[in-house]
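A.B. asks: Structure, please.
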Amino acid sequence: MNQPIPSAQHIDFAFYVIFGISIVLLVGMTLVALLLVYRYRHERQPVPAKKKDTIWLEVVWILLPLFLVVAMYYYGWVDFRAMHTASHNAMKVHVVGSTSEWHFVYENGKQSKVLYVPVDTFIRLSITSSDVVHALDIPAFGIKINAVPGIEAFAWFKPESLGSHDIVCSTSCGGEHANMVSTIEVLSKEEFASWLNSESTILNSTIALSGKYGCSSYWLSNSVIFAECLHKFDFDAESLKLGNQ
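C.D. replies: Numbering: from 1, shown residues only. Predicted coordinates:
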């Protein structure tokens with residue numbers, strides 16, 4: 001089975017196809033309009049001539065727009081499928097939006113306010129919100145998806161080079177909306193493994209705390225229900241030193 005290519009590439013290709021068709025139509029229709037205005041202006045043809053119906057003109061008028069619409073729909077459908085088809089081996093990260101910040105929770109229970117990911121690895125994001133509607137926007141990877149309370153959405157990407165990329169909330173979500181920013185830090189696989197497995201004492205305390213509130217079974221399975229417990233975790237965040245991870 002072929003691995004899916006990064007969704008941003010699909011989005012860019014569909015944009016160029018639709019934009020290219022739009023430019024061709026704009027230029028073509030403008031030139032035809034100018035030609036008709038010049039050829040059939042009043043000085044050259046003061047008396048309107050009666051033209052016979054042309055069946056081929058009707059056929060082209062129907063088939064050409066139909067072809068263009070089907071072509072744009074096809075590329076849109078291909079991109080839609082690509083955006084919703086992540087690799088089965090993708091690393092899973094729960095993303096929870098809350099007022100003024102993003103929370104990223106990994107499969108081993110570790111959470112962070114910065115999204116750390118390994119290079120050359122498929123990443124699957126399960127996205128929800130603990131309060132109001134947010135929008136997870138990662139321009140570098142063509143991701144923009146709403147984080148809605150009680151609903152779990154998902155997106156995926158594959159970072160192919162080391163570096164740092166912006167994460168913002170692109171939906172007005174309250175007075176702290178402008179401060180709801182974070183970053184994706186793409187690390188080497190060795191650096192990421194070291195980070196993910198660090199501070200085991202804090203990790204164990206976090207998992208124990210999730211059990212205390214009855215949420216431990218939702219770390220991996222349901223980020224919506226996990227989001228409902230997030231504020232309870234934050235209540236003890238200072239003692240666990242989770243806020244700056």
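A.B. asks: end to end, how far does stretch 100-109 reach?
C.D. replies: 22 Å (CA to CA, to the nearest Å).
A.B. asks: meant to ask about stretch 180-191, not that
C.D. replies: 26 Å.
A.B. asks: Only the buried residues of that stretch, if you could.
C.D. replies: By 16 or more other CB atoms under 10 Å, the buried positions in stretch 180-191 come out as Met180, Ser182, Thr183, Ile184, Glu185, Val186, Leu187. Yep, even glycine has a C-beta here, placed from its N, CA and C like the rest.
A.B. asks: Report all helices and strands that the helix or strand where Ile167 lies contacts.
C.D. replies: Assigned by DSSP states H and E, Ile167 belongs to strand 163-169. With contacts defined as 3 or more CB pairs under 8 Å, 6 or more residues apart in numbering; DSSP states H and E, the packing partners of strand 163-169 are strand 134-138, strand 181-187.
A.B. asks: Buried residues of the helix or strand following the shortest one, list them for me.
C.D. replies: Downstream of strand 134-138, the next assigned helix or strand under DSSP H and E is strand 143-147. Taking 16+ other CB under 10 Å as the neighbour-count basis, strand 143-147 is seen to contain the buried residues Ile143, Ile145, Asn146, Ala147.
A.B. asks: can I get those residues in CSV with pLDDT?
C.D. replies: Shown next, in CSV, are those (pLDDT from 0 to 100):
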residue, pLDDT
Ile143, 87
Ile145, 89
Asn146, 90
Ala147, 90
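A.B. asks: I'd like the residues you listed laid out as JSON lines, including distance to Leu162.
C.D. replies: JSON lines is the format used below for these (distance: CB to CB, whole Å):
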{"residue": "Ile143", "distance to Leu162": "19"}
{"residue": "Ile145", "distance to Leu162": "25"}
{"residue": "Asn146", "distance to Leu162": "29"}
{"residue": "Ala147", "distance to Leu162": "27"}
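A.B. asks: which one of these sits closest to His88?
C.D. replies: The shortest gap between His88 and any of the buried residues of strand 143-147 belongs to Ile143, at 19.6 Å (CB to CB).
A.B. asks: Provide the partner residues of the residue sitting nearest the centre point of the chain in its beta bridges.
C.D. replies: Per CA atoms, centre = their mean, the C-alpha nearest to the average position across the chain is that of Ile143, at 1.9 Å. Judged by DSSP bridges, the bridge partners of Ile143 are Ile138.
A.B. asks: just the one 4 residues further on next, same as before
C.D. replies: When bridges are taken as DSSP bridges, the partners of Ala147 come out as His134.
A.B. asks: Pretty sure it sits against Ser130.
C.D. replies: No. The pair Ala147 / Ser130 is not scored as a contact, 9.1 Å apart, by CB atoms under 8 Å.
A.B. asks: Now do the shared contacts for those two.
C.D. replies: Val96, Gly97 (CB atoms under 8 Å, 6 or more residues apart in numbering).
A.B. asks: all helices of the chain, in order?
C.D. replies: 7-39, 55-83, 189-196, 200-212, 223-235, 237-240 (DSSP state H).
A.B. asks: For the longest one, name the packing helices and strands.
C.D. replies: When contacts are defined as 3+ CB pairs under 8 Å, 6+ apart, helix 7-39 sits against helix 55-83, strand 153-157.
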